[in-house]
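A.B. asks: pasting the structure only:
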């Protein structure tokens, strides 16, 4: 879901510690997903707290592990040819998606890990299959 399409609680308070953690981790005005996770870990809060704070501050995410929001910074993004993906992985994605061609982020990660498919590649496959990823831990989808 695009940031502009999100509905946020009117008058919701912004945690100043989370806001400062986000501000200190911005790259070109965006918050890399790995930095959001680091901020959550550093503050001892759930990743969703950081994601919602970023939304309230109108900060966009970048460099997601699934390859959304620009290239991921996890070393998978070298421009090399995409690795071979087991056909069973694609079949598992299609079999586990929820009604409406959606799948949770956590479920996609589990399937990618189970079949040894890099998460960035798994994200690209969901795009090609028309499967929307939802329920991200950072609240991005």
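C.D. replies: On my side now, so go ahead. Just so you know, these numbers come straight off a predicted model, no measurement behind them.
A.B. asks: just how off-centre is the helix or strand encompassing residue 19 within its chain?
C.D. replies: Applying DSSP states H and E as the criterion places residue 19 in helix 16-23. Chain-centre distance of helix 16-23: 19 Å, with CA atoms, centre = their mean, to the nearest Å.
A.B. asks: Does anything pack onto it? Which helices or strands?
C.D. replies: helix 33-43, helix 47-56 (3 or more CB pairs under 8 Å, 6 or more residues apart in numbering; DSSP states H and E). Where C-beta positions appear, they are placed from N, C-alpha and C, glycine not excepted.
A.B. asks: which of those helices sits most buried?
C.D. replies: Ranked by mean neighbour count, the helices and strands packed on helix 16-23 are led by helix 47-56 with a mean of 22 (mean count of other CB atoms under 10 Å).
A.B. asks: C-terminal to it, what's the next element?
C.D. replies: By DSSP H and E, the next helix or strand past helix 47-56 is strand 60-62.
A.B. asks: Centre of the chain to stretch 110-130, how far?
C.D. replies: Centroid separation for stretch 110-130 versus its chain: 13 Å, with CA atoms, centre = their mean.
A.B. asks: Quick check: end-to-end length of that stretch?
C.D. replies: Taking CA to CA, to the nearest Å, the first and last residues of stretch 110-130 lie 19 Å apart.
A.B. asks: do the same with stretch 37-52
C.D. replies: Note: stretch 37-52 ends 13 Å apart using CA to CA.
A.B. asks: Report the buried residues of stretch 100-107.
C.D. replies: 103, 104, 105, 107 (16 or more other CB atoms under 10 Å).
A.B. asks: Out of the residues you listed, which is nearest to residue 39?
C.D. replies: Nearest to residue 39 among those: residue 105, at 18.1 Å, using CB to CB.
A.B. asks: Look at residue 87 and report its pLDDT.
C.D. replies: At residue 87, the model reports a pLDDT of 91.
A.B. asks: how near is residue 15 to residue 120?
C.D. replies: 30 Å (CB to CB, to the nearest Å).
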